[in-house]
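1. Just the structure for this:
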Amino acid sequence: MRRLCAFALTLAAWIAWVAMWVPVFGVFAVWLGLPPLPGAYPSQENVIALRGLLLLFPTAFAAVIGILAVNGVIGLVYRRLAPPKPLPLVGMERLATGMALDVDKLAAWQSARILHVQHGPLGRVTDASIVR
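-> Below you'll find the model as predicted:
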């Protein structure tokens, strides 16, 4: 039942998406000199309004590009004026203490290429054996 509902909703969404593009394709068809299809549009005023929106598209696109450019410049200036602070280095002792592990074991594990790790019931590392 779930798969059937998911398929039906997906199909309906694709049909709605294609239906929203019909007026745009109709405007391009009229622009190419083809006669408009009867029933493809509720009225001719919609085609005229869509043509008006298409005339505004370059302006809207330029506004979006301008906003993105201003945002990028502001971000660049902000990163130059207030660079992020480097994170403090966590030493081996502090890392081993925080994980409740032996310092020498942890150092050996970090230098190994392949480990076989055992986890506790809460997901914490309890032990590991070096494979290679």
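2. max-length helix in this protein?
-> Ranked by residue count and defined by DSSP state H, the top helix of the chain is helix 44-81.
3. What is the subsequent helix or strand relative to it?
-> helix 92-99 (DSSP states H and E).
4. which residues sit against that following helix?
-> Residues from elsewhere that reach helix 92-99, judged by CB atoms under 8 Å, 6 or more residues apart in numbering: Asp102, Val103, Lys105, Leu106, Ala107, Arg124, Val125. For glycine as for every other residue, the C-beta is placed from the backbone atoms N, C-alpha and C.
5. Just give me the neighbour total for the second one.
-> It stands for Val103. 14 (other CB atoms under 10 Å).
6. any idea how far it is from Ser129?
-> With the distance defined as CB to CB, to the nearest Å, Val103 ends up 18 Å from Ser129.
7. Now do the domain split for this protein, please.
-> 2-81, 92-130 (automatic domain parsing).
8. May I have the distance across the first one, first residue to last?
-> Spelled out, it's domain 2-81. Distance between the two ends of domain 2-81: 53 Å, counting by CA to CA, to the nearest Å.
9. can you start the count at 4 instead of 1 from here on
-> Understood, numbering begins at 4; the last thing we discussed is domain 5-84.
10. Quick one: distance of it to the chain centre.
-> 20 Å (CA atoms, centre = their mean, to the nearest Å).
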